[in-house]
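Undergrad: This is the structure alone, sequence omitted:
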């Protein structure tokens, strides 16, 4: 049963919050960790899938399942989803957050650079979503959230493979929303600006990347992981059932759609 408006406003839900489960990829640090903690704060049991162990995230989430695996490996992804169901019994939300964004001039980009970006940023969401889909259908409703990028709209010249992969992810979001609507499963994308994370500090921070982006935003500060939390919680809310196939541009006004 779905919640009535009165039940949503008063917090009295017909489906107890503790029965909900979310999977977040790239949950070891940064934006993925912020999402995992925020979802746990809303009563979700959370599974995090990352290449590395996630002790910091696990220490911040009461009911957390740590999955160490490669999001680009179909067998590892399916095995991880099976563990989620074994432990929690259901799955309702998938957040495809894992991504890579090497900055390199196009002329210096190798075919392997291109393939790696496409595997992590575009193929992995396909693999994770396809493996999760039977469980979302079994739950009777679902939310799939793909983390895209405002770079799709601003097109930084040193990130051609990244922009191409995230543009593909937005197309994936739209087409998948049309395919899964009949199952009460919504699919949306969130497009952040350059978020201050440890990875971003290492890759672009030293070269003044944060300042470059900040100066081109209407909101003149660097985006933090916490700036995306309210949007994620809005998109995954059961009351957001009519929001699907959309890309929410949460980038401080670096681009206007």
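TA: Noted; the coordinates are in hand. Quick caveat: nothing in here was measured; it's all calculated off a predicted structure.
Undergrad: Mind listing residues that contact the longest helix seen in the chain?
TA: For the chain, the longest helix by residue count, based on DSSP state H, is helix 160-180. Helix 160-180 has contacts (CB atoms under 8 Å, 6 or more residues apart in numbering) with 96, 100-103, 106, 109, 113-114, 117-118, 120-122, 125-126, 129, 133, 142, 144, 146, 148-149, 151-152, 155-156, 186-189, 191, 244-247. The way it works is simple: take the backbone N, C-alpha and C, and place the C-beta from them, glycine included.
Undergrad: Which ChimeraX command selects the buried ones in these?
TA: Buried subset of these, written as a ChimeraX selection, criterion 16 or more other CB atoms under 10 Å:
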select :96,100,101,109,117,118,120,121,122,125,126,129,133,142,144,146,148,149,151,152,156,186,187,188,189,191,244,245,246,247
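Undergrad: Give me the subset of the contacts of helix 160-180 that lies in helices.
TA: The members of these that map onto helices under DSSP H are 113-114, 117-118, 125-126, 129, 133, 151-152.
Undergrad: For the longest helix of the chain, buried residues please.
TA: Of all the residues in helix 160-180, those buried under the rule 16+ other CB under 10 Å are 160-170, 172-173, 176-177, 180.
Undergrad: quick check, nearest of those to residue 197?
TA: residue 162 (14.8 Å; CB to CB).
Undergrad: Show the low-confidence segments of the stretch 51-200 of the chain, by residue range.
TA: Where the stretch 51-200 of the chain drops to pLDDT under 70, the residues are 200.
Undergrad: Can you show me the strands along it?
TA: Listed in chain order, the strands of the stretch 51-200 of the chain (DSSP state E, counting those that start in this stretch) span 64-68, 93-96, 142-147, 185-192.
Undergrad: okay, those strands in a markdown table with distance to residue 57 next?
TA: Shown next, in a markdown table, are the strands of the stretch 51-200 of the chain (distance: least, CB to CB, whole Å):
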| stretch | distance to residue 57 |
| --- | --- |
| strand 64-68 | 7 |
| strand 93-96 | 13 |
| strand 142-147 | 16 |
| strand 185-192 | 19 |
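Undergrad: nearest to residue 53, of the ones you listed?
TA: Proximity to residue 53 (CB to CB) singles out strand 64-68 among the strands of the stretch 51-200 of the chain, at 5.8 Å.
Undergrad: Now do the closest one: everything it contacts.
TA: With CB under 8 Å, 6+ apart as the test, strand 64-68 has contacts from 36, 40, 45-54, 57-58, 80, 83-84, 87-88.
Undergrad: same thing but at 10 Å, please
TA: Contact with strand 64-68 is made by 21, 23-25, 27-28, 36-37, 40, 45-55, 57-58, 76-77, 79-81, 83-84, 86-88, as judged by CB atoms under 10 Å, 6 or more residues apart in numbering.
Undergrad: That one pairs with which strands, parallel or anti?
TA: Strand 64-68 has the following sheet partners, assigned by DSSP bridges: strand 45-50 (parallel).
Undergrad: which residues touch residue 79?
TA: 67, 69, 73, 131.
Undergrad: Just give me the closest of the buried residues of helix 160-180 to residue 198.
TA: Among the buried residues of helix 160-180, and counting by CB to CB, the member closest to residue 198 is residue 162, at 17.8 Å.
Undergrad: before we move on, back to that, could you dump the ones in helices among the contacts of helix 160-180 into a markdown table with distance to residue 230 added?
TA: A markdown table is the format used below for the ones in helices among the contacts of helix 160-180 (distance: CB to CB, whole Å):
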| residue | distance to residue 230 |
| --- | --- |
| 113 | 34 |
| 114 | 34 |
| 117 | 29 |
| 118 | 30 |
| 125 | 22 |
| 126 | 27 |
| 129 | 24 |
| 133 | 27 |
| 151 | 22 |
| 152 | 21 |
